[in-house]
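>>> Sequence and computational prediction follow.
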Amino acid sequence: MHKIVFLDRDSLLAKVRRPAFDHDWQDFPATAPDQVAERLRGATIAVTNKVPLNAEALDQLPELRMVAVAATGTDNVDLAACRARGILVANIRNYSGVSVPEHCFTLMLALRRNLRAYVTDVEAGRWERSNRFCLLDHPIGDLAGSRLGIIGYGALGRRVAQIGQAFGMRIATNSRSKIDEPGVTQLELDELLATSDVISLHLPLTDATRHLIGARELGLMKPTALLINTARGGLVDEDALAEALMRRTIGGAGFDVLSKEPPSQGNPLLGLRLPNFILTPHVAWASAGAMQTLADMLVDNIEAWEAGRATNLVG
């Protein structure tokens, strides 16, 4: 009989059905890195959202046969160590095709229309003291007619492009694969950065993409351009971004991710109090509908593996 252990159950606010085969299920609200080996002892299936599974822990888990990642990103799992030990890893794909793109546009609209600054003004009583019917102290821009540059053109990137087109935006993309779609212009990275009014990141964090956007790349962007990141924090050099925002080298940024989560004091983005920067706590994926879809797909992956037809394998 399989033993299944969910290491960070509280990361998923959804109903998780039990797999349709004999098993013993155990879950923990959260798990610290030094508790992983102990809690997975005897388990054949590990479920993790963000709890790290490294080679040191895997060395102590000879019975482990599958890691079911309750997310798309697998950078918290040592895939090479799993391969070497014959442990299959499956992730969740295309579960947040509504939630993440909608969050992207929430950030875009809030920044382009200076919502944060205007809300602050109202809360400070400045509207009440105005000598006219409205306040016009902060510039307001439209998305329509502007260029949306999308870096990474998978399922999420495509959905962002579709919504952007509905807003009347002109779409450009930078992708490893050839894109041949009406209304989508494929550009080299530097040209996309230099010509886009809004840039949205939709690619995984790998050795090749870490700090893809650094000081040089930020310097290529228009001084009015927005940078949106709902993918992975490590894609952007956070020190360089903080500097660009404070110096107004770029127009603004909306981030839902940081390089270390939860963040620690000293992260250069954490303490920024700027009207041109919005930081949300990695919640772009987390609509109620998206979380329930994820939970259902998580158990689908486990059941498919147990039946000998594993799906969504990585590594």
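Ah, there it is.

>>> Please, which helix or strand holds the residue most central in space within the chain?
Among the residues of the chain, the one closest to the centroid is Ala231, at 3.0 Å (CA atoms, centre = their mean). Element membership for Ala231, per DSSP states H and E: none, as it lies in no helix or strand.

>>> ok, it - contacts?
Contacts for Ala231 (CB atoms under 8 Å, 6 or more residues apart in numbering) come out as Gly152, Leu201, His202, Leu203, Pro204, Leu205, Val257. C-beta here means a position set from N, CA and C on the backbone, and glycine is covered the same way.

>>> roughly how far apart are the first one and Ile228?
For Gly152, the distance to Ile228 under the criterion CB to CB, to the nearest Å works out to 12 Å.

>>> Can you check which residues contact both of these two?
Common neighbours of Gly152 and Ile228 (criterion: CB under 8 Å, 6+ apart): Leu201.

>>> top of the contacts of Ala231 by neighbour count?
His202 (27 neighbours; other CB atoms under 10 Å).

>>> can you pull the pLDDT of it?
Looking at His202, its pLDDT reads 97.

>>> quick one: it and Arg159 touch, right?
No - checked against CB atoms under 8 Å, the pair His202 and Arg159 is beyond contact range at 9.1 Å.

>>> Now do the strands in the stretch 101-250 of the chain.
147-151, 170-174, 184-186, 198-201, 226-229 (DSSP state E, counting those that start in this stretch).

>>> what's the spacing between the nearest residue in space to Val283 that is not next to it in sequence and Ser96?
The shortest distance from Val283 to any residue other than its chain neighbours is 6.5 Å, reached at Asp256 (CB to CB, 6 or more residues apart in numbering). From Asp256 over to Ser96 the distance is 11 Å, taken as CB to CB.

>>> Compare those two (neighbour count), which wins?
Ser96 (26 against 23).

>>> and the more buried one, what does it touch?
Shown in contact with Ser96 (CB under 8 Å, 6+ apart): Thr72, Leu156, Ala284, Trp285, Ser287, Ala290, Thr293, Leu294.

>>> cutoff 6 Å now
Contact partners of Ser96, counting by CB atoms under 6 Å, 6 or more residues apart in numbering, are Trp285, Ala290.

>>> What does the pLDDT read for it?
92.

>>> Please identify which helix or strand holds it.
Using DSSP H and E, no helix or strand contains Ser96.
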